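In: quick one: sequence and predicted model below, then my questions.
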Protein chains: 2
Amino acid sequence: KQERPQDIEELKQGVLLGERARLARAITLIESNSPQHFEYAQSLLQSIMTHTGKSIRIGISGVPGAGKSTFIEAFGTFLCQAGHKVAVLAVDPSSSINGGSILGDKTRMEELARNPRAFIRPSPSEGTLGGVHRKTRETMLLCEAAGFDVILVETVGVGQSEAIVRGMVDFFLLLALTGAGDELQGMKKGILELVDMIVVNKADGSNKTAALRTKSEYSRILHFLKSPTKGWQAKSLTCSSLNGEGIPALWEVIGDFTELTKQSGVFEERRRMQAKEWLYSLVNEQLQTLFFQNERIKRMLPQLENEVIAGKKTVTQAVHEAFINFYK
Amino acid sequence: KQERPQDIEELKQGVLLGERARLARAITLIESNSPQHFEYAQSLLQSIMTHTGKSIRIGISGVPGAGKSTFIEAFGTFLCQAGHKVAVLAVDPSSSINGGSILGDKTRMEELARNPRAFIRPSPSEGTLGGVHRKTRETMLLCEAAGFDVILVETVGVGQSEAIVRGMVDFFLLLALTGAGDELQGMKKGILELVDMIVVNKADGSNKTAALRTKSEYSRILHFLKSPTKGWQAKSLTCSSLNGEGIPALWEVIGDFTELTKQSGVFEERRRMQAKEWLYSLVNEQLQTLFFQNERIKRMLPQLENEVIAGKKTVTQAVHEAFINFYK
């Protein structure tokens, strides 16, 4: 479907009125890879910029099996009941090794998907992780303009995706399971230093005691690590996505976080830094494309790489030769 | 002083014979920023490549006050007595905020500096950290060609320097002090995940008991973290740079590490990966220079950055405009 300039104005009005069908079409426009759509998408985005930013952006990650979908279903439903409007986005490309976007199958959050106060958008289906990351950020802006005041950004944790999500949200929540000692060792390097909160899920039935023990274990470890948010000590909690226990409490902690960081200026400062870092990472991404997609570079690079690895050529010399060809 | 082609051959022979004066001149050539010296330096490096790589490269970091200089003095002297030839290099630019290269003042390692089996080279005095990092890597190659079989690369930990050093060494050692709990919280984010060994220094006199306790505390924490080296569990030890206690033991552990990783292939694999990563990081550095030193980009970037931070312009749009000007 072609979007034309008059459609852009219509899309804009629809988004600002919070109409889900037009919001969905606007997102599809953002996700399009066609150059003409790019122009339209950017002018749409530009026109809604003043209506963005008025949400709390929450990143959610967790090992496979931690129950991210059921947690988001329970958490999102709770938020809707409390009067919020909740958008759920995902950053992982559906082409990932894990075999498809976790949100590609909406039926996994049936209740939330049917809730008129919620909007669930699967991960963009094409593009590099960098591209997906751009699209998710811009989708977040559209959702904010459409009046969604809680944005949940989910990641299954492919590659550097947690760090990328950390770079686009205000608050980062890690979903964990019981058995902290063993779990922790299987945990991705550096992830604990990204989190503002660890939630030990499945704290119900016979698992409750173990969950509480795990929670304490995480508290103790978090105490040793530097928090990603100035003035905030990362916290560890338990919850049950099954019976909803613990969910109001964790939302209260997120409220404390928001109040504290808005008062100290840390909240706004992070958003400013994130915009700046996004600018520079996008510049960098384009530079890389410019160089590595260059036909001469593509032809010569494998051999240069082999010579360097074999110690036959110095790295400086190899790069020097590559750039001589790049400038040609 | 000008180095000419016939001098390059002379320098090469001098380096291969392990002559310290010619090695020092060769390093000065590498560190030169003149384009002609660059050509000579690269041809010198290229000619000694087959004589490089036969050392153990050890990175050493630690908080200010951990006693890095006295430790390196004690450790280096011990290694010389054991028949090794030791080169000590530093990666931090002397223009750093901390006020000068830690090794600029050689008198801080008086005994080692006088030892004929040791070679101490202060940090290159000019250039970006990226530039310094290139020069330190190439200096390391020259030292290896000159027969130094233990290379100690020291960093005071400005910016990303520990990660950069981790990317050029086989083994990474962190020097720590007693009081682990408090110390750890002041410790740089992510540093513990770079280390193969933590050495609690100043384990002497009335401080010994506390040092042993701190060592155990670190062991416990390291147990929770993923080691940077496949098949190796990072270890925690104590030592006294004052009386030399613990130094033979830590050298033995480094020996175990080398044997284990050479047998498993991890040692060689890391070196191959490091060469490859260095290649790509240098390409990236040059791309950044190309873009950010462009006059049109320099003129327009501050305003674009402000517009993005203020939410007046989308990041994608800003980058789009910048590249239109870059291609002009």
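Out: Thanks, I have it.
In: what ranges do the helices span in chain A?
Out: Under the criterion DSSP state H, chain A contains helices at A:5-16, A:20-31, A:35-48, A:68-81, A:110-114, A:129-145, A:161-166, A:180-186, A:208-224, A:247-264, A:266-292, A:295-309, A:315-327.
In: what about the second one, near chain B?
Out: No: with Cβ under 8 Å from any Cβ of the partner chain as the threshold, helix A:20-31 lies outside contact range of chain B, at a closest distance of 9.3 Å. For the C-beta atoms, the positions are set from N, CA and C on the backbone; glycine is no exception.
In: that helix vs helix A:129-145, what angle?
Out: 150 degrees (axes from the mean of the first three to the mean of the last three Cα atoms, to 10 degrees).
In: follow-up on the earlier one: export the helices of chain A to CSV and append columns for distance to residue B:16.
Out: CSV is the format used below for the helices of chain A (distance: least, Cβ to Cβ, whole Å):
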stretch, distance to residue B:16
helix A:5-16, 69
helix A:20-31, 59
helix A:35-48, 57
helix A:68-81, 59
helix A:110-114, 70
helix A:129-145, 46
helix A:161-166, 45
helix A:180-186, 46
helix A:208-224, 48
helix A:247-264, 59
helix A:266-292, 36
helix A:295-309, 22
helix A:315-327, 19
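In: lowest-confidence stretch among these?
Out: In terms of average pLDDT, helix A:180-186 trails the rest of the helices of chain A, at a mean of 57.
In: report how many residues lie close to residue A:248.
Out: By the criterion of other Cβ atoms under 10 Å in any protein chain shown, residue A:248 has 11 neighbours.
In: how about it, nearest residue that isn't a chain neighbour?
Out: In this structure, residue A:248 finds its nearest non-sequential neighbour in residue A:78, 7.0 Å apart by Cβ to Cβ, 6 or more residues apart in numbering or on different chains.
In: so the one you found sits against residue A:245, correct?
Out: No: in this structure, residue A:78 is not within contact of residue A:245 by Cβ atoms under 8 Å, at 11.1 Å.
In: nearest to residue B:74 among the helices of chain A would be which one?
Out: Among the helices of chain A, helix A:208-224 comes nearest to residue B:74, with 29.1 Å by Cβ to Cβ.
In: what's the offset of that closest one from the middle of its chain?
Out: Using Cα atoms, centre = their mean, to the nearest Å, the mean C-alpha position of helix A:208-224 is found 25 Å from that of the whole chain.
In: right, is it up against chain B?
Out: Yes: using Cβ under 8 Å from any Cβ, we find that helix A:208-224 touches chain B at A:221, A:223, A:224.
In: just want the angle from that helix to helix B:208-224.
Out: Between helix A:208-224 and helix B:208-224, the angle comes out at 120 degrees (the same axes, to 10 degrees).
In: okay, helix A:208-224 in PDB with CA atoms only?
Out: Backbone C-alpha positions of helix A:208-224 (Å, rounded to 0.1, in the frame of the first residue of the first chain) are rendered in PDB as follows:
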ATOM      1  CA  LYS A 208       7.800 -19.600  46.600                       C
ATOM      2  CA  THR A 209      10.400 -20.300  49.200                       C
ATOM      3  CA  ALA A 210      13.100 -20.900  46.700                       C
ATOM      4  CA  ALA A 211      12.100 -17.700  44.900                       C
ATOM      5  CA  LEU A 212      12.500 -15.700  48.100                       C
ATOM      6  CA  ARG A 213      15.900 -17.200  48.700                       C
ATOM      7  CA  THR A 214      16.900 -16.400  45.100                       C
ATOM      8  CA  LYS A 215      15.700 -12.800  45.500                       C
ATOM      9  CA  SER A 216      18.000 -12.400  48.600                       C
ATOM     10  CA  GLU A 217      20.900 -13.900  46.700                       C
ATOM     11  CA  TYR A 218      20.400 -11.400  43.900                       C
ATOM     12  CA  SER A 219      20.100  -8.500  46.400                       C
ATOM     13  CA  ARG A 220      23.400  -9.500  47.800                       C
ATOM     14  CA  ILE A 221      25.100  -9.600  44.400                       C
ATOM     15  CA  LEU A 222      23.500  -6.300  43.200                       C
ATOM     16  CA  HIS A 223      25.000  -4.700  46.200                       C
ATOM     17  CA  PHE A 224      28.500  -5.400  44.800                       C
END
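In: which helices and strands sit right next to that helix?
Out: Judged by 3 or more Cβ pairs under 8 Å, 6 or more residues apart in numbering or on different chains; DSSP states H and E, the packing partners of helix A:208-224 are helix A:180-186, strand A:197-200, strand A:235-238, helix B:180-186.
In: ok, 7 Å please
Out: Helices and strands touching helix A:208-224, as assessed by 3 or more Cβ pairs under 7 Å, 6 or more residues apart in numbering or on different chains; DSSP states H and E, comprise helix A:180-186, strand A:197-200, strand A:235-238.
In: parallel or antiparallel, which strands does the second one pair with?
Out: Looking at strand A:197-200 with DSSP bridges, its partner strands are strand A:171-176 (parallel), strand A:235-238 (parallel).
In: which of these sits closest to residue B:70?
Out: For the strands paired with strand A:197-200, the distance to residue B:70 is smallest for strand A:235-238, at 40.0 Å, taking Cβ to Cβ.
In: burial of residue A:279, as a residue count?
Out: If you count neighbours by other Cβ under 10 Å, residue A:279 ends up with 23.
In: any idea how far it is from residue A:194?
Out: Distance, residue A:279 to residue A:194, using Cβ to Cβ, to the nearest Å: 21 Å.
In: returning to that earlier point: shouldn't the residue nearest to residue A:248 be in contact with residue A:247?
Out: Yes: between residue A:78 and residue A:247 a contact is recorded at 5.0 Å, counting by Cβ atoms under 7 Å.
In: look at these two and report which has more neighbours.
Out: residue A:247 (20 against 16).
In: which ones are touching the more buried one?
Out: Taking Cβ atoms under 7 Å, 6 or more residues apart in numbering or on different chains as the contact definition, residue A:247 lies against A:74, A:75, A:78, A:239.
In: next one: residue A:244
Out: If you count contacts by Cβ under 7 Å, 6+ apart, residue A:244 has them with A:74, A:78.
In: now swap in residue A:60 and tell me
Out: A:68, A:72, A:152, A:153, A:154, A:173, A:175.
In: from chain B, how far out is the closest residue to residue A:222 other than its chain neighbours?
Out: Excluding the flanking residues, the one nearest residue A:222 by Cβ to Cβ, 6+ apart is residue A:234, at 4.6 Å. Per Cβ to the nearest Cβ, to the nearest Å, residue A:234 is found 12 Å from chain B.
In: surely residue A:234 and residue A:196 touch.
Out: Yes: shown here, residue A:234 and residue A:196 form a contact pair, counting by Cβ under 7 Å, at 5.5 Å.
In: let me see the backbone angles for the closest residue to residue A:307 other than its chain neighbours.
Out: On the basis of Cβ to Cβ, 6+ apart, the spatially nearest residue to residue A:307 that is not a chain neighbour turns out to be residue A:313, at 4.0 Å. Recorded main-chain torsions at residue A:313 are phi -140, psi 140, according to degrees, to the nearest 10.
In: what's the burial count for residue A:313?
Out: Around residue A:313 there are 24 other residues, counting by other Cβ under 10 Å.
In: ok, now the one 10 residues further on?
Out: With neighbours defined by other Cβ under 10 Å, the count for residue A:323 comes to 17.
In: what do you get for residue A:30?
Out: If you count neighbours by other Cβ under 10 Å, residue A:30 ends up with 24.
In: that one and residue B:167, how far apart?
Out: Here the distance between residue A:30 and residue B:167 works out to 37 Å (Cβ to Cβ).
In: same question for residue A:289.
Out: Residue A:289 is 24 Å from residue B:167, where distance means Cβ to Cβ.
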